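# I need the structure of the sequence given here:
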Amino acid sequence: QVQLVESGGGLVQAGGSLRLSCAASGLTFSSYAMGWFRQPPGKERDVVATISRGSLNTYYADSVKDRFTISRDNAKNTVYLQMNSLKPEDTAVYYCAATPTSGWTVYTNPNRYTYWGQGTQATVSS
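Residues are numbered from 1 along each chain as shown. Now for the predicted structure:
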């Protein structure tokens, strides 16, 4: 049974930082591309950042470039999202997702992802 469990969300003031973690189990983690998505209140779920197998390639949404960093530790079956210089508009439920792949592609379409975590709330106050 595949499980993705996010942690690290919370309440932070604007300009602060949070580090999200997503621990995966029940899958061969190194064979999966991973992604972080977020859903603000009343809005659709959008891609934040994605990372390929072996960390060869990454993708960032324009709104988070130079502020957020995605990384993965295949030995720990964990993907991270370091979020710096947070803004109130970053407030959302953050989800991690996994999709099996044999290549080094990053995927930005949420429909491409097979497994999802339950989400973790990140709230940025002004």
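# Pull up the gap between the residue nearest to the spatial centre of the chain and Ser126, please.
Nearest to the centroid of the C-alpha atoms of the chain, with distances taken as CA atoms, centre = their mean, sits Trp36, at 2.1 Å. Distance, Trp36 to Ser126, using CB to CB, to the nearest Å: 23 Å. Heads up, the C-betas are built off the backbone N, CA and C, glycines and all.
# Could you do Arg72 as well?
On the measure of CB to CB, Arg72 and Ser126 end up 32 Å apart.
# Who has more neighbours out of these two?
Relative neighbour count places Arg72 above the other of Arg72 and Ser126, with 23 against 9, counting by other CB atoms under 10 Å.
# tally of neighbours for the residue nearest to that one when sequence neighbours are not counted?
In space, and not counting its chain neighbours, Arg72 is closest to Val79: 4.5 Å by CB to CB, 6 or more residues apart in numbering. A count of nearby residues for Val79, using other CB under 10 Å, gives 30.
# Direction included, what does the helix or strand harbouring Val79 pair against?
Using DSSP states H and E, Val79 falls within strand 78-83. Within its sheet, and counting by DSSP bridges, strand 78-83 is paired with strand 18-25 (antiparallel), strand 68-73 (antiparallel).
# Tell me the buried residues in it?
Judged by neighbour count (16 or more other CB atoms under 10 Å), strand 78-83 contains these buried residues: Thr78, Val79, Tyr80, Leu81, Met83.
# gap between that strand and the chain center?
Between the mean C-alpha location of strand 78-83 and the chain-wide mean there is a distance of 6 Å, by CA atoms, centre = their mean, to the nearest Å.
# Could you identify the helix or strand that succeeds it?
Sequence order places strand 92-100 as the next helix or strand after strand 78-83, per DSSP H and E.
# helices and strands around that following strand, which ones?
Contacts defined by 3 or more CB pairs under 8 Å, 6 or more residues apart in numbering; DSSP states H and E place strand 92-100 against strand 3-7, strand 18-25, strand 32-39, strand 78-83, strand 115-116, strand 120-125.
# Export those strands as CSV, with columns for distance to Asp62 and mean pLDDT.
Formatted as CSV, the helices and strands packed on strand 92-100 follow (distance: least, CB to CB, whole Å; pLDDT from 0 to 100):
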stretch, distance to Asp62, mean pLDDT
strand 3-7, 23, 98
strand 18-25, 19, 98
strand 32-39, 14, 98
strand 78-83, 15, 98
strand 115-116, 23, 98
strand 120-125, 18, 98
